[in-house]
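S.K.: what would the 3D arrangement of this be:
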Amino acid sequence: MAVDPRRLLLDMFEAAVGAASPEKCLPPHLPPPPKGRTVVVGAGKAGGAMAKAVEDHWQGPLEGLVVTRYGHGAPCTRIEVVEAGHPVPDAAGQDAARRILSLLEGLTSDDLVLALISGGGSALLAMPAEGVTLADKQAINKALLKSGATIGEMNCVRRHLSAIKGGKLAAAAAPARVVTLMISDVPGDDPCVIASGPTVADPTTSEDALAILRKYAIEAPEPVLAFLASPASETLKPGDSRLAGVENIMIATPQMSLDAAADVARAAGVTPLVLSNSIEGESRDVALVHAAIARQAAGFGQPLPPPCVLISGGETTVTVRGKGRGGRNAEFLLALAVALDGHANIHALAADTDGIDGTEDNAGAFLDPDSLARGAAIGVDAKARLADNDGYGFFSALGDLVVTGPTRTNVNDFRALVVLGDGAAQKEPAPTLLDRLRKTIFGMRAG
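M.R.: Here you go, the predicted model:
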């Protein structure tokens, strides 16, 4: 059976994103209305869509405020949705965090706080602890983003510099009941790491945060170091009585999305293999491993014979040394292109399920067997672009970026490598497929 690799890759990406749509995954987890008030608060790239899903399915009075990334909002009437900076926090996020805490003042045990938490909330819910300025947090965030630190390490530091994360939001709501609905964007689905756990007990310590800064040779401002050395920087720990009335519910995870993509592959007659939902490490190193497995499948039928597709999720990192553009998915694909060196039967897509790869306007990109050759024909050298961390520039020059606009959800990165046998591929023009993705899969555009 002939397989159109790009169509299959896009269908799988659509399914992965669709499985994490708040409209689909949130309503079944809504708690019953309380005797008193229902206050909705939240932060993350899915915040707007989650707030809209609550409004559409909630029976009873409702009020609240949710903060999301610029361009990721949604039309709500009872829950205010504000937009702020990501991945570096800004004044809008700081103001939103202050307003969210003010909404939690004076609640009683008859009241319900519905917290909507998704990836990106660490930067969006920006409320520096006393003695730490927004400029201090911005500097630390920028340094961490370039350092190659894992998301768990970055969020450990963020929690201990915050007046609202590490369980502190939930503590401010006591004695009200708190139900947190989470969309996971982190390897292992650790609720403490998602948006730095504003309603979750934190087993890490301030010393752990200091050790991370030392590990990556990050020169923190003196007020930051002084604060982390003080007892005031500690977060709420497991067993804290202020978290006794908190229920944290995972409503969407990377594994759910990978399973949905695998179902699409099976329906197309292509055998899927989910490598992992929680891959971490340098994008370039992860690409080498994926390339080796794909070559083994293509050449020896192991671990699966063609046609097959290798699927993975998680969050890789990029240690930035060059001056190019691109997020971790473009970096992964460019390193994969170099490693595969034009292998005739391997096609790939890597993209962020939130629709934004790093800080660029694309979700990710395609890789075809002829990508290196097409680049060379127009004077775009893959190895040179990789050395400059310019994955965006390489795939943009080829017209192979995947541009969806914000998807209003986030279960981290999606990677798929389709391995075909000789004569199994059937091509269709990319613009038609990209138009289809923009218009019928997400039904929305950036902005």
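S.K.: wait, residue 84 touches residue 92, no?
M.R.: Yes: with contact defined as Cβ atoms under 8 Å, residue 84 reaches residue 92; the gap is 3.9 Å. Yep, even glycine has a C-beta here, placed from its N, CA and C like the rest.
S.K.: those two: which is more packed in?
M.R.: Regarding residue 84 and residue 92, a neighbour count based on other Cβ atoms under 10 Å identifies residue 84 as having more, with 24 against 16.
S.K.: how about the more buried one, phi and psi?
M.R.: phi -150, psi -180 (degrees, to the nearest 10).
S.K.: list the beta-bridge partners for it.
M.R.: residue 69 (DSSP bridges).
S.K.: quick check: it vs residue 405, distance?
M.R.: 18 Å (Cβ to Cβ, to the nearest Å).
S.K.: ditto for residue 258
M.R.: From residue 258 across to residue 405, the span is 22 Å (Cβ to Cβ).
S.K.: who's more crowded, the two?
M.R.: Higher neighbour count among residue 258 and residue 405: residue 258, with 27 against 19, using other Cβ under 10 Å.
S.K.: and that one, what does it touch?
M.R.: Applying Cβ atoms under 8 Å, 6 or more residues apart in numbering to residue 258 gives the contacts 16, 274, 277, 311-313, 414.
S.K.: between the residues you listed, which is nearest residue 143?
M.R.: Lowest distance from residue 143 to the contacts of residue 258 (Cβ to Cβ) belongs to residue 313, with 26.3 Å.
S.K.: neighbours around residue 17, how many?
M.R.: Residue 17: 28 neighbours (other Cβ under 10 Å).
S.K.: tell me how far it lies from residue 72.
M.R.: Remark: distance between residue 17 and residue 72 (Cβ to Cβ) = 14 Å.
S.K.: what does residue 167 give?
M.R.: The gap separating residue 167 from residue 72 is 25 Å, by Cβ to Cβ.
S.K.: output the contacting helices and strands for the one helix or strand residue 93 maps to.
M.R.: Following DSSP states H and E, one finds residue 93 within helix 91-103. If you count contacts as 3 or more Cβ pairs under 8 Å, 6 or more residues apart in numbering; DSSP states H and E, helix 91-103 packs onto strand 38-43, strand 63-69, strand 79-84, helix 121-124, helix 168-173.
S.K.: gap between the shortest one and the chain center?
M.R.: With Cα atoms, centre = their mean, to the nearest Å as the basis, the distance from the averaged C-alpha position of helix 121-124 to the chain average is 11 Å.
S.K.: swap in the last one?
M.R.: For helix 168-173, the separation from the chain centroid amounts to 24 Å (computed by Cα atoms, centre = their mean).
S.K.: which outside residues touch that helix?
M.R.: Helix 168-173 has contacts (Cβ under 8 Å, 6+ apart) with 39, 41, 100-101, 104-105, 107, 113, 115, 125, 162, 164, 178, 180, 198-200, 235-236, 240, 242-243, 246.
S.K.: who touches both of residue 84 and residue 92?
M.R.: Shared contacts of residue 84 and residue 92 (Cβ under 8 Å, 6+ apart): residue 67.
S.K.: what residues go with each domain of this protein?
M.R.: Listed domain ranges for the chain are 5-17+255-442, 31-252 (source: automatic domain parsing).
S.K.: now distance to residue 24 and mean pLDDT too, for those, in JSON lines please.
M.R.: JSON lines is the format used below for the domains of the chain (distance: least, Cβ to Cβ, whole Å; pLDDT from 0 to 100):
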{"stretch": "domain 5-17+255-442", "distance to residue 24": "9", "mean pLDDT": "92"}
{"stretch": "domain 31-252", "distance to residue 24": "8", "mean pLDDT": "96"}
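S.K.: to residue 23, which of those domains lies closest?
M.R.: domain 31-252 (5.0 Å).
S.K.: hmm, residue 344 is touching residue 369, no?
M.R.: Yes: using Cβ under 8 Å, residue 344 is in contact with residue 369, at 5.1 Å.
S.K.: looking at those two, which is more packed in?
M.R.: For residue 344 versus residue 369, neighbours defined as other Cβ under 10 Å are more numerous around residue 369 (19 against 11).
S.K.: so of the contacts of helix 168-173, which ones are in strands?
M.R.: Cross-referencing these against strands under DSSP state E gives 39, 41, 113, 115, 178, 180, 246.
S.K.: so the fifth one sits right up against residue 198, yeah?
M.R.: No: in this structure, residue 178 is not within contact of residue 198 by Cβ under 8 Å, at 9.9 Å.
S.K.: related to what we said a few turns ago, give me the more crowded residue out of residue 167 and residue 72.
M.R.: Ranked by neighbour count (other Cβ under 10 Å), residue 167 and residue 72 place residue 72 first, with 31 against 25.
S.K.: remind me which helix or strand that one belongs to.
M.R.: Going by DSSP H and E, residue 72 is not in any helix or strand.
S.K.: for it, give its distance to residue 53.
M.R.: 14 Å.
S.K.: show me the biggest helix of the protein in terms of residues.
M.R.: helix 283-300 (DSSP state H).
S.K.: helices and strands around that one, which ones?
M.R.: By 3+ Cβ pairs under 8 Å, 6+ apart, helix 283-300 packs against strand 271-279, strand 308-314, helix 328-340, strand 346-352, strand 413-419.
S.K.: ok, now which ones touch the closest residue to residue 153 other than its chain neighbours?
M.R.: In space, and not counting its chain neighbours, residue 153 is closest to residue 212: 4.8 Å by Cβ to Cβ, 6 or more residues apart in numbering. Residues counted as contacts of residue 212 (Cβ under 8 Å, 6+ apart) are 149, 153, 156-157.
S.K.: tabulate the residues you listed in JSON lines, adding columns for distance to residue 45.
M.R.: Compiled in JSON lines, the contacts of residue 212 are given as follows (distance: Cβ to Cβ, whole Å):
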{"residue": "149", "distance to residue 45": "20"}
{"residue": "153", "distance to residue 45": "20"}
{"residue": "156", "distance to residue 45": "20"}
{"residue": "157", "distance to residue 45": "20"}
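S.K.: quick one: which of the residues you listed has the most company?
M.R.: residue 157 (30 neighbours).
S.K.: so that residue is in which element?
M.R.: helix 151-160.
S.K.: and that helix, what's buried?
M.R.: 151-160 (16 or more other Cβ atoms under 10 Å).
S.K.: now stretch 26-41
M.R.: Neighbour-count burial for stretch 26-41 flags 26, 30, 34, 37-41 (criterion: 16+ other Cβ under 10 Å).
S.K.: with stretch 391-399 instead?
M.R.: In stretch 391-399, counting by 16+ other Cβ under 10 Å, buried: 391-398.
S.K.: residue 72: what's it in contact with?
M.R.: Counted by Cβ under 8 Å, 6+ apart, residue 72 has contacts 45-49, 83, 354, 406, 408.
S.K.: now with 10 Å, please.
M.R.: 44-49, 81, 83, 86, 118, 120, 124, 354-356, 405-410, 444, 446-447 (Cβ atoms under 10 Å, 6 or more residues apart in numbering).
S.K.: which of those are buried?
M.R.: 44-49, 81, 83, 86, 118, 120, 124, 354-356, 405-410, 444.
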